[in-house]
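[1] I'd like to go over a predicted model; first the sequence, then the structure.
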Amino acid sequence: MQIIGRKREIAELTRLKESNQAEFIALYGRRRVGKTWLVRNFFQDQFTFYATGIARGNRKEQLQNFYKSICGYSKRTPEQPKDWYETFDLLKTVIKQSRQRRKVVFLDELPWMDTQKSEFLKAIDLFWNSWGCMQQNLLFIVCGSAASWMVKNIIRDKGGLHNRLTCHLHLDPFTLAETKTYLHSQGIRWSEEMIAECYMIMGGIPYYLHLLDRSMSLAQNVDRLFFAPNALLKDEFDTLYKSLFKKSEEYVKIISALSKRRGGYTREEIVQATGLANGGGLTRRLDELEQCNFIRRHSPLKGRVPIYQLIDFYSFFYFQFLNGTRNYDRDAWMHLQASPRHNTWLGLSFERLCFAHIYEIHKALGITGVATKTYALLTDSAQMDMVIERADKVTSLCEMKYTSKPYAMTKQDADKLRHREEELKECLPTQKQVLISLVSNRQPKRNEHYNNIISKNITLNSLFAE
């Protein structure tokens, strides 16, 4: 089956597959993003050994499941191991028996295997450091959706696995361009505006896109997947967070708070909004949410307190339309079309869409080779959608507009932009030229107000650039 996108990951996997030395790869990314699908399709399921962890399984269940996988690859049925040390000894035997030139071992959902007091990590450490790293024909791949666990215990491990990885890959959601290509491969040929709205709901997550019915419109699909009585994704939010985080309710409190303000919250404001203690526990939760690509942390200007923003599209959609709803209108999304509530959400989500495609905006501005710092900025009297500080002594001030008709700038709009321009100049550490750009879903009307203030217009089509 054709693999959509994933060019960087395919290039790395190809290099590692053709390597003449032992390779230890960690692949991680949020649930449903397509990690397992990528590895299995790239290697066409031709593994020397494959096993996956069991969600919420205990130590005994994880060991039993791994043992069954070993039996499936062994020439003779081995005696059942008592612990993970003996289990990895059996895995060595399976690898030695294989006649494959490149011996690919794939352990999926690794975090689930690491149950309390199981010594799983010590066993995998011993397996790699005492034997695996010396097998020149071994390609050892570990994968997990719990990104925080993968980063802490594998990628940034301070113990035996410290600096043992030869490669780690974070799998991101599809871009708009990849989403369009994927939908076309499924026979879905929507307009770019419709694909963008789909992205603002599902965030380019392949599993969600896979559930779309090509015989239906986007609105019909959203009602079927989220609002119908037996909707397939009705319980997805709880499942998503519970599968990634222990004490998931504390992470959800943070996400819920951040969903309420477009510009995000400082750490102190998160404490006030959630009631969580301002200590190491909060630091860990914020770091883990950032590692899982649910939030972003940025410091707008030197000396300013860092801001945390919600960037996960599905979570934002959930809190805008699904949270607390029990008796769903099965045609809710159809009824919400073009309503003020729907239009407000589109505008706010479009800002997130632009931040998710910063590279494409830089490309449209012709600054991909220029060092930049990109952020949103809130002052006492102005909200700036996107500021791009550039090393060429220019700062781009980007205004986002998502409208049902071509945007026509008014005198009031132009005055607001001039005020934001002056505010930005006051905030910048050094005097720079400020150029104002408009990012819109459609070509705007080029009236006198537009011509006097806008230096560059970037349309939705530019965000689909490959």
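    Nice, I can see it. Numbers count the residues shown, from 1 in each chain.
[2] what's the nearest residue to V94 if we skip its chain neighbours?
    Leaving aside its chain neighbours, V94 sits nearest to Y73 (4.9 Å; criterion: CB to CB, 6 or more residues apart in numbering). (Glycine included, C-beta is placed from N, CA and C.)
[3] so that neighbour touches K96, yeah?
    No: in terms of CB atoms under 8 Å, Y73 does not count as a neighbour of K96; the distance is 11.6 Å.
[4] neighbour-wise, which of those two wins?
    More neighbours surround Y73 than the other of Y73 and K96, with 19 against 11 (other CB atoms under 10 Å).
[5] ok, the more buried one - contacts?
    Shown in contact with Y73 (CB atoms under 8 Å, 6 or more residues apart in numbering): 48-49, 94, 98.
[6] rerun that using 10 Å as the cut-off
    For Y73, the contact set (CB atoms under 10 Å, 6 or more residues apart in numbering) comprises 47-51, 90-91, 93-95, 97-98, 105.
[7] circling back to that earlier point, name the residues contacting each of Y73 and K96.
    With CB under 10 Å, 6+ apart as the test, Y73 and K96 both reach T48.
[8] coming back round to it: quick one: the residue nearest to V94 from D331, how far?
    According to CB to CB, to the nearest Å, Y73 and D331 sit 50 Å apart.
[9] quick check, pLDDT for the residue nearest to V94.
    Here the pLDDT value assigned to Y73 is 94.
[10] can you show me the strands along this structure?
    Secondary structure of the chain (DSSP state E): strands located at 23-28, 49-52, 103-108, 138-144, 167-170, 295-298, 307-310, 372-378, 383-390, 394-401, 433-440, 456-459.
[11] save these as JSON lines, and put in mean neighbour count, distance to T266 and mean pLDDT too.
    Shown next, in JSON lines, are these (neighbours: other CB atoms under 10 Å; distance: least, CB to CB, whole Å; pLDDT from 0 to 100):
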{"stretch": "strand 23-28", "mean neighbour count": "23", "distance to T266": "28", "mean pLDDT": "95"}
{"stretch": "strand 49-52", "mean neighbour count": "20", "distance to T266": "40", "mean pLDDT": "97"}
{"stretch": "strand 103-108", "mean neighbour count": "22", "distance to T266": "38", "mean pLDDT": "97"}
{"stretch": "strand 138-144", "mean neighbour count": "24", "distance to T266": "31", "mean pLDDT": "96"}
{"stretch": "strand 167-170", "mean neighbour count": "18", "distance to T266": "26", "mean pLDDT": "92"}
{"stretch": "strand 295-298", "mean neighbour count": "18", "distance to T266": "10", "mean pLDDT": "90"}
{"stretch": "strand 307-310", "mean neighbour count": "22", "distance to T266": "6", "mean pLDDT": "94"}
{"stretch": "strand 372-378", "mean neighbour count": "18", "distance to T266": "11", "mean pLDDT": "89"}
{"stretch": "strand 383-390", "mean neighbour count": "20", "distance to T266": "16", "mean pLDDT": "92"}
{"stretch": "strand 394-401", "mean neighbour count": "20", "distance to T266": "22", "mean pLDDT": "96"}
{"stretch": "strand 433-440", "mean neighbour count": "18", "distance to T266": "25", "mean pLDDT": "96"}
{"stretch": "strand 456-459", "mean neighbour count": "16", "distance to T266": "30", "mean pLDDT": "96"}
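[12] and stretch 431-448, how far apart are its ends?
    Length of stretch 431-448, first residue to last, CA to CA, to the nearest Å: 28 Å.
[13] so which residues of the stretch 251-400 of the chain form helices?
    Along the stretch 251-400 of the chain, counting by DSSP state H, counting those that start in this stretch, helices occupy 267-274, 280-291, 313-317, 332-336, 340-356, 358-365.
[14] distance between the worst-scoring helix or strand of the chain on mean pLDDT and the chain's centre?
    The weakest-scoring helix or strand in the chain, judged by mean pLDDT, DSSP states H and E, is helix 147-150 (a mean of 83). Mean-position distance between helix 147-150 and its chain equals 13 Å (CA atoms, centre = their mean, to the nearest Å).
[15] helices or strands up against that helix?
    Secondary-structure packing of helix 147-150 (3 or more CB pairs under 10 Å, 6 or more residues apart in numbering; DSSP states H and E): strand 23-28, helix 110-113, strand 138-144, strand 167-170, helix 236-244, helix 280-291.
[16] closest to L286 among the contacts of Y73?
    Here the nearest of the contacts of Y73 to L286, counting by CB to CB, is A51; it sits at 32.6 Å.
[17] next, count neighbours for the closest residue to G275 other than its chain neighbours.
    Closest residue to G275 apart from its sequence neighbours, by CB to CB, 6+ apart: K253 at 7.6 Å. The local packing of K253 (other CB under 10 Å) involves 16 other residues.
[18] K253: what's it in contact with?
    Contact analysis of K253 by CB under 10 Å, 6+ apart lists 270, 273-276, 285.
[19] highest mean neighbour count out of the helices of the stretch 251-400 of the chain?
    helix 313-317 (a mean of 23; mean count of other CB atoms under 10 Å).
[20] before we move on, back to that, for R285, see how far away the residue nearest to G275 is.
    In this view, K253 and R285 are 9 Å apart by CB to CB.
[21] which residues do those two both contact?
    Taking CB under 10 Å, 6+ apart as the criterion, K253 and R285 both touch 270, 274, 276.
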